[in-house]
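Novice: Predicted model and sequence below, questions to follow.
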Amino acid sequence: MKPKLVIMAAGMGSRYGGLKQIDPVDKYGNIIIDFSIYDALRAGFEDIVFIIKHEIEADFKAAIGNRMEKHANVQYVFQQLDMLPDGFTVPEGRVKPWGTSHAVLCCKEALSGSAFVPLNADDYYGPEAFRIAYDFLTKNNNENEHCVIGYPVANTLTEHGYVSRGVCEVDANGNLADIHERTKIRMAGEGAEYTEDDGETFIKIPEGATVSMNMWGFNTGMMKELEQGFPVMLEKIARENPLKGEDYLPEAVRRAISANRASVKVIPTHDRWHGVTYPQDKPALMEAIEKLKKEGVYPEKLWNDR
């Protein structure tokens, strides 16, 4: 089976102040996901799984889902708080999603045992990333061999606040040796730094460091890994941070690597990230999209039906 594209669009967008997943970024009403899907289809993908919440279903389908059904095989998965393994319940007062590991787990039935590429709905990845992921998965069918698209950290920052990135340690063979999810990374002169104590102290990220933007090429073994690991993480979250604790894909990958249950090839791309973490990011994103069109990376109109 061909690998499937999994687009995670259930996040609340709290820093942005709205449903950034469906906010237009060009004069034709296209949103960021339009460009991701356009790149994915020309790379070879045919099946798309959207992860959303029931609360945004109507708006999401009106903005993107209904249109994409003309171009690809579309499925919807709902990431809801109470979609938990047997024996677990939602802590009283919790409204925050359980994280990207949980989002992907919700897709098990929709994926039907296929390899898959998850990505964030509010990030622009560039055409090269989709070609890399598709080529890797169509040429590597070992269930425990995966890849991650690696970006230079300097290509993934915003001028307007913090971003979350998985900071990669890469071994001499180009494989992922370790990865650390840093949820508060910011620009620091020509480089980047992160904090883990709400800005009391900052730690410099090495110049040229590679980071993950949550775009992975997962073979089928990763779903088994998530099924086994997520309940363990839920128990930890219940003890340590029941209202806000999350399980992130980079941490799930890290657990698999450290236990020698998986290998992950780090494949670099030099494309630049664009996104809308904050409202102030939108003008720069729209300018970047217009520039890419003028350079011929995209046609003026992505779709004939717009």
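Specialist: Perfect, I can see it now. The shown structure was predicted, so the numbers you read here are calculated from the model rather than taken from an experiment. Numbering: from 1, shown residues only.

Novice: need the longest helix for the chain.
Specialist: Ranked by residue count, the top helix of the chain under DSSP state H comes out as helix 221-240.

Novice: Name the next helix or strand downstream of that helix, please.
Specialist: Downstream of helix 221-240, the first helix or strand assigned by DSSP states H and E is helix 249-258.

Novice: Tell me which other helices or strands that following helix touches.
Specialist: helix 100-105, strand 176-188, strand 210-217, helix 221-240, strand 263-268 (3 or more C-beta pairs under 8 Å, 6 or more residues apart in numbering; DSSP states H and E). Yep, even glycine has a C-beta here, placed from its N, CA and C like the rest.

Novice: ok so, going back, could you give the angle of the longest helix of the chain to strand 210-217?
Specialist: Here helix 221-240 runs at an angle of 120 degrees relative to strand 210-217 (axes from the mean of the first three to the mean of the last three C-alpha atoms, to 10 degrees).

Novice: helices and strands around helix 221-240, which ones?
Specialist: Using 3+ C-beta pairs under 8 Å, 6+ apart, helix 221-240 sits against helix 100-105, helix 108-111, helix 249-258.

Novice: so of those helices, which one's packed in deepest?
Specialist: Stretch with highest mean neighbour count among the helices and strands packed on helix 221-240: helix 100-105 (a mean of 24; mean count of other C-beta atoms under 10 Å).

Novice: Quick one: the helices in this protein, in order.
Specialist: Going by DSSP H, the chain shows helices at 32-43, 57-60, 66-68, 100-105, 108-111, 127-139, 221-240, 249-258, 282-294.

Novice: rank those helices by mean pLDDT and give me the bottom one.
Specialist: Across the helices of the chain, helix 57-60 has the smallest mean pLDDT, namely a mean of 87.

Novice: Flag every buried residue along that helix.
Specialist: F60 (16 or more other C-beta atoms under 10 Å).

Novice: and the gap between the closest residue to D34 other than its chain neighbours and R255?
Specialist: Counting by C-beta to C-beta, 6 or more residues apart in numbering, D34 lies nearest to L302, which is 5.6 Å off, once chain neighbours are set aside. As judged by C-beta to C-beta, to the nearest Å, L302 and R255 stand 38 Å apart.

Novice: can you check D271 too?
Specialist: 29 Å.

Novice: and if you look at A63?
Specialist: 35 Å.

Novice: Equivalent analysis for A192, please.
Specialist: From A192 to R255 the distance is 25 Å (C-beta to C-beta).

Novice: What of T158?
Specialist: 29 Å.

Novice: Name whatever forms a beta bridge with Y76.
Specialist: F50 (DSSP bridges).

Novice: what's near enough to touch K2?
Specialist: 44-47, 114, 138 (C-beta atoms under 8 Å, 6 or more residues apart in numbering).

Novice: quick one: which of those residues is nearest to V153?
Specialist: The nearest member of the contacts of K2 to V153, counting by C-beta to C-beta, is F45 at 26.9 Å.
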